[in-house]
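S.K.: my questions concern the predicted model and sequence given below.
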Amino acid sequence: MLSTETRGTMPIHLDVSHLDRVVIAVVIGDASAAEVMDLGRRFSEAGTRHYRKILDTTAGALIMNDAEVAALVEQLRGRPNADARGPLAFVVDPLRAAPVAEKYAELTAGERPVKIFHSLHAARRWLDEHSKIMPRR
């Protein structure tokens with residue numbers, strides 16, 4: 001069963017399935033650099049860093065410049081168990097550019113699996129292929 005966490009009007013809604021060890025974050029509207037950094041903190045606090053993750057931006061946008069993306073990457077690298085981060089699938093609108101997802105993937109290449117998709121179905125299939133445990137589906 002998925003549990004949903006939201007805070008006020010935060011544009012990033014988080015669904016966590018501890019049973020399947022997967023997190024789905026959905027961006028609704030524009031999400032600032034501070035809100036994306038808060039999302040990283042929420043992953044750590046919830047004990048989900050090693051979970052498989054989907055960050056769906058098809059209904060919104062990550063509003064970050066290259067320096068803010070680099071700061072996010074450094075912040076995540078500095079957290080305890082940084083090497084235990086699970087695979088991350090970005091789902092982006094095929095009709096829009098995805099500079100934040102592309103920059104994040106570039107900066108974290110080799111640290112963990114990161115890939116950009118245009119469909120949620122393809123992202124889920126890829127995450128299942130990169131699972132250390134078999135999801136319950």
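M.R.: The structure has been received and is ready for your questions.

S.K.: going forward, measure contacts between C-alpha atoms and count neighbours the same way
M.R.: Fine.

S.K.: what about Glu129, neighbour count?
M.R.: Other residues within reach of Glu129 by the criterion other CA atoms under 10 Å amount to 12.

S.K.: and the gap between it and Pro87?
M.R.: Distance of Glu129 to Pro87, given as CA to CA, to the nearest Å: 10 Å.

S.K.: where exactly do the strands run in the chain?
M.R.: Using DSSP state E, the strands of the chain run over residues 3-5, 12-17, 22-32, 52-63, 88-91, 114-117.

S.K.: give the buried residues for the fourth one.
M.R.: In other words, strand 52-63. Neighbour counts using 16 or more other CA atoms under 10 Å place 52-58, 60-63 of strand 52-63 among the buried residues.

S.K.: adding distance to Val23 and pLDDT, write those residues out as a markdown table.
M.R.: Formatted as a markdown table, these follow (distance: CA to CA, whole Å; pLDDT from 0 to 100):
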| residue | distance to Val23 | pLDDT |
| --- | --- | --- |
| Arg52 | 6 | 94 |
| Lys53 | 5 | 94 |
| Ile54 | 6 | 97 |
| Leu55 | 8 | 96 |
| Asp56 | 11 | 97 |
| Thr57 | 14 | 96 |
| Thr58 | 16 | 96 |
| Gly60 | 18 | 94 |
| Ala61 | 18 | 93 |
| Leu62 | 18 | 94 |
| Ile63 | 21 | 94 |
